[in-house]
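*Asks:* Predicted structure and sequence below. I'll ask about it afterward.
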Amino acid sequence: ALRLSYLRSGGHDPAVLDQLLHLQLEATVLEKGTAGLGRGRRMAVPAEPPSTGTHGLDAALLAVELENRRLEDELLALKVRRERRAHAGSRAAQRHTEELAQLQAEVGMLRCHAEQTRPWLHSRVLPPPIAPPLPP
């Protein structure tokens, strides 16, 4: 839980992740010791860590698991961000389409209103009359 919290808050320091791995290994050893005692079997918790080969493999396996979980968390976060952007983009496009339709309707109404209030602008097809010729 601590590791997940650290990773979700953006943590990626290798030293901190290594410390978290070490703490998780210690917790696993303690849990195994406690589980053995709870079932009636006495399991001695070694004072020294297990053999270097086994310990190294366990640590490497745990490190790979931690990295896989971190990558899964990152992948999930990326998917969520992409869905949010796509959803926001579609909402924006819909809003723009509605605004465009409203503006086009307003332009049509203004044209109609202008034609009704100023009919002389469109009825003039001939040029204005020329003054009659002056008598000789």
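*Replies:* On my side now, so go ahead. As the structure is a computational prediction, the values presented were derived from the model and not from experiment.
*Asks:* which residue is nearest the centroid of the chain?
*Replies:* Centroid check for the chain by C-alpha atoms, centre = their mean gives Arg81 as the closest residue, at 1.2 Å.
*Asks:* any weak-confidence spans in the chain?
*Replies:* 34-55, 119-129 (pLDDT under 70).
*Asks:* Looking at it, which helix is longest?
*Replies:* The helix that spans the most residues within the chain, counting by DSSP state H, is helix 52-117.
*Asks:* how far out from the middle of the chain is it?
*Replies:* The chain centre lies 6 Å from the centre of helix 52-117; the measure is C-alpha atoms, centre = their mean, to the nearest Å.
*Asks:* And it, what does it pack against?
*Replies:* Here helix 52-117 touches helix 2-8, helix 14-38, going by 3 or more C-beta pairs under 8 Å, 6 or more residues apart in numbering; DSSP states H and E. All C-beta spots, glycine's among them, are computed from the backbone N, C-alpha and C.
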